[in-house]
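# okay, here's the prediction I keep looking at, along with the sequence it came from:
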Amino acid sequence: MEARLRYPELLVAPSERVEESFWISLLYFNVYRVAVATLFLVLTFVYNDELKFGAHWLDFFRYVAGGYLFLALVFHGVLRSRRQFNLQLSLHAGLDIVAITLLMYASGGVRSGLGVMLLISLIGAAIVAPRRLSFLYAALASIALLLEQGYWVLAHDAPTTDFLQPSLLAMSCFAGVGITGWLAQRVASNERLARQRGRELEMQTRVNQLVIQDMHDGVVVLDHDGRVVQHNPQAQRLLRAERVLGVDIASLVPRFAETWGGWRSGQVLAAAPANFQVRGRDIGLRLLDTGRQEGFRVLFIEDTTRSREQAQQLKLAALGRLSASIAHEIRNPLAAISHAAELLQEERRAEDRERLTHIIHDNTLRLGRLVSDVLQLSRRDRISAEPIRVRPWLEDFLDEFVANESVPRSRFSVDTQADLSVHFDREHLRQVLWNLLRNAVRYAREGPGAVRITLRADADGVELAVIDNGPGVAASKQAQLFEPFFTTEAKGTGLGLYLARELCAANRATLEYVDDSSGAHFRIVCREARTA
C-alpha cells in the first residue's frame with residue numbers, strides 16, 4: 001500500500017500544471033536575491049565594515065554573501081526545468097532565512113536592520129506559495145530570529161530584554177505572510193476567473209462569427225453616418241456590390257436615404273421591415289439599435305425574393321400532397337358508384353335495385369362533402385375578421401346547431417367567465433365550432449351536459465374550449481388528429497379537423513388537443529378584441 005505524503009504542500013505532482021505567472025514571479029524573486037547578494041558582497045569590498053555590514057565578523061559576512069550569490073545563480077539555472085514548483089520555492093525561502101540570519105549575526109544581530117530583508121523575502125514567497133507553506137516559512141524565520149538572539153544572550157552576555165525586537169519582527173513575519181497570502185489568493189482567483197471569462201468570451205465570439213458567416217440573411221453594422229463598418233459575406237452578395245466596407249448604405253440601396261433618415265430621427269419604427277429592390281431582386285431591411293453611445297446600428301438584409309420562392313415551393317409541395325390524397329379519396333367512392341351502376345343494369349328485383357341506388361346516393365354525398373371541404377380549404381385565406389362578442393354569439397350558434405343536427409339542447413352546457421370578445425371571421429368561427437361540436441356529440445355519452453363549452457381569458461388571448469365526456473382520443477392517434485384525410489369514421493372525409501386548424505391559423509388563432517381529461521378536449525386560443 002502506497003504511503004501518504006505527510007506534507008503534500010511541499011511537492012506538486014507532475015500531472016498538476018502550475019500557472020506560468022507563478023514561475024515568472026519566482027524568477028523575479030530569484031533575480032532580486034541575486035541583486036541583494038551581489039550588492040552586499042560589493043559593498044563590503046568597497047567600504048569594508050563602514051556601513052555596518054559585517055561589523056561583527058566581516059570575513060564571515062563576505063563568505064555568506066558569496067555563498068548566497070552562488071546558490072542564487074544555481075537556483076536561476078534550476079528554474080528553467082519548470083519542475084516541482086513548491087519544492088523549489090521552499091528551497092529559495094529556506095536559503096533566504098539561513099543566509100539573512102547569518103548575515104544579520106555577522107553584522108551585530110537584530111540591531112543591524114537586516115531583519116527587514118527577511119520580512120521582504122517572506123512576503124515575496126507568500127505571493128505564490130500555498131497558505132500552509134507561507135506560515136511554515138514564517139515559523140522557520142521566527143525560530144531563526146530567536147535562535148540568533150539566543151546565541152547573543154548565551155555567548156556574548158547580551159541582555160534578555162533584547163528579545164523584544166526579534167519577537168516583534170517574528171510577529172511581523174506572521175502578519176505580513178497572512179495578509180499577503182490572503183490578498184494573493186484574491187488576486188489569483190480573480191485572474192483565473194478573468195482567464196475563464198476570456199476563454200468563454202472567445203468561444204462565444206467564435207460561435208457568433210460562424211453563425212453570422214453562415215446566415216442566409218445579410219448582417220451589416222452601420223456607424224452614426226450610415227457607413228458600413230462590418231458585414232458578413234451574404235450581405236455583400238445580397239447588395240451585389242464589389243465593395244461594401246466603408247461605403248454609405250444609401251448609395252448601395254436605391255431610395256434608402258429617406259427611410260434611413262426616418263429611422264435615425266425616430267419617425268419610422270426601426271424594427272419595422274422596409275422593402276427595396278436591388279438590381280432586380282427584392283430585399284427587406286430591418287434596423288436594430290445597439291444602444292451604445294457610439295451610435296452603431298445593425299441592419300439585417302433579407303432576400304424576400306428567395307423567401308417568396310421558397311414559400312411558393314412549399315405551397316406547391318403541399319398542394320401536390322393534398323392533390324394526391326384527394327385523388328385517393330375520390331377513387332374509392334367512384335369505384336363504388338361505377339360498380340353499383342353496372343350491377344344496377346343487371347338487377348331486376350326491386351329490393352336489390354333499391355340497395356344499389358342507396359350505395360350510389362351515399363357515395364355521391366361523400367364526394368359532395370369532400371368537394372365542399374376542399375372548396376372551404378381553398379377559401380381559408382379570404383377572411384373578414386371582426387370583433388365578436390362570444391357569449392351572445394354562442395347562444396345563437398347553439399340554437400342553430402341543435403336545430404340542424406337534431407340534438408337536444410340539454411346535452412350542452414356553457415361556462416363563460418366574462419363577456420369576452422374575439423377577433424375572428426364570423427363564418428370561419430362557425431365552421432370550426434360546428435366541426436368540433438359534431439365530433440363531440442358523436443363520441444360523447446348520452447345525458448345532459450355531456451358536451452361542455454368553456455370561455456375564459458388566457459394569457460395569450462381568449463380560450464374557447466369544447467370538452468366531452470366520451471372515451472377521448474387514444475394516445476397513439478393524437479399525433480395524427482390534424483392530418484388531412486385521417487378519420488376514424490367510415491363515412492368521414494378526414495378533412496374536418498385539418499380544415500378547422502387551417503381556418504384558425506388564417507385568423508391568427510391556434511387549435512390544439514389537450515390530453516388532460518378522460519374525454520376529448522379541444523382548445524381554441526383566439527386574439528382578444530379590445531372594445532372601446
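Cool, the structure landed.

# tell me how many other residues surround residue 188.
Each residue near residue 188 was counted by other C-beta atoms under 10 Å, and the total is 15. Backbone N, C-alpha and C define where each C-beta goes, glycine included.

# where does it fall, secondary structure wise?
helix 164-213 (DSSP states H and E).

# can you check residue 69 too?
Per DSSP H and E: residue 69 is located in helix 58-78.

# distance of residue 470 from residue 498?
Separation of residue 470 from residue 498 (C-beta to C-beta, to the nearest Å): 21 Å.

# of these two, who's got more company?
residue 498 (21 against 18).

# could you measure from that one over to residue 476?
Distance of residue 498 to residue 476, computed by C-beta to C-beta: 19 Å.

# the residue nearest to residue 227 when sequence neighbours are not counted: what's it in contact with?
The shortest distance from residue 227 to any non-neighbouring residue, by C-beta to C-beta, 6 or more residues apart in numbering, is to residue 248 (5.6 Å). Shown in contact with residue 248 (C-beta atoms under 8 Å, 6 or more residues apart in numbering): 225-227.

# for the residue nearest to residue 464 when sequence neighbours are not counted, give its distance to residue 65.
Among residues not flanking residue 464 along the chain, residue 524 sits closest, at 4.5 Å (C-beta to C-beta, 6+ apart). As for residue 524, its distance to residue 65 is 94 Å (criterion: C-beta to C-beta).

# ok so residue 55 is a helix residue?
No. The assignment for residue 55 (DSSP: H, G, I helix; E, B strand; the rest coil) gives coil, which keeps it out of a helix.

# where does the stretch 1-150 of the chain have low pLDDT?
Residue ranges of the stretch 1-150 of the chain with pLDDT under 70: 1-18.

# what ranges do the helices span in it?
Taking DSSP state H, counting those that start in this stretch, the helices of the stretch 1-150 of the chain run over residues 20-47, 58-78, 85-106, 115-128, 131-156.

# the most centrally placed residue in the chain: what's it in contact with?
Central residue of the chain (C-alpha atoms, centre = their mean): residue 204, 10.3 Å from the mean position. Neighbour list for residue 204: empty [criterion: C-beta under 8 Å, 6+ apart].

# wait, residue 238 sits on residue 278?
Yes. Using C-beta atoms under 8 Å, residue 238 is in contact with residue 278, at 7.2 Å.

# more crowded one of the two?
Per other C-beta under 10 Å, whichever of residue 238 and residue 278 has more neighbours is residue 238, with 26 against 17.

# relative to residue 232, how far out is the more buried one?
From residue 238 across to residue 232, the span is 10 Å (C-beta to C-beta).

# shared neighbours, the two?
With C-beta under 8 Å, 6+ apart as the test, residue 238 and residue 232 both reach residue 218.

# got the residue ranges for the helices in the stretch 401-532 of the chain?
426-443, 496-506.

# next, format those as CSV and append mean pLDDT.
Conversion of those to CSV gives the following (pLDDT from 0 to 100):
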stretch, mean pLDDT
helix 426-443, 87
helix 496-506, 82
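
# for those, which one sits closest to residue 135?
helix 496-506 (72.8 Å; C-beta to C-beta).

# give the other helices and strands that that closest one contacts.
Applying 3 or more C-beta pairs under 8 Å, 6 or more residues apart in numbering; DSSP states H and E, one finds that helix 496-506 contacts helix 350-378, helix 426-443, strand 510-513.

# quick one, the second one and helix 496-506 angle?
The reference is to helix 426-443. Counting by axes from the mean of the first three to the mean of the last three C-alpha atoms, to 10 degrees, helix 426-443 points 150 degrees away from the direction of helix 496-506.

# other residues contacting helix 426-443?
Taking C-beta under 8 Å, 6+ apart as the rule, helix 426-443 contacts 376, 380, 383-384, 386, 388, 393, 397, 401, 405, 407, 411-412, 422, 450-451, 453, 464, 466-468, 470-471, 489, 496-497, 499-500, 503-504, 506-507, 511, 519-520, 522, 524.

# switch the cut-off to 7 Å
376, 383, 386, 388, 397, 401, 405, 407, 411, 451, 466, 468, 470-471, 496-497, 500, 503-504, 506-507, 520, 522, 524 (C-beta atoms under 7 Å, 6 or more residues apart in numbering).

# can you check the shortest one too?
Here strand 510-513 makes contact (C-beta under 7 Å, 6+ apart) with 473, 478, 481, 500-501, 504, 521-525.

# how close does the nearest residue to residue 523 once chain neighbours are set aside sit to residue 301?
Excluding the flanking residues, the one nearest residue 523 by C-beta to C-beta, 6+ apart is residue 465, at 4.6 Å. Distance check for residue 465 against residue 301: by C-beta to C-beta, it reads 43 Å.

# roughly how far is stretch 158-178 from the heart of the chain?
57 Å (C-alpha atoms, centre = their mean, to the nearest Å).

# next, the buried residues of that stretch.
Neighbour-count burial for stretch 158-178 flags 163, 166, 169-170, 172-174, 176-177 (criterion: 16 or more other C-beta atoms under 10 Å).
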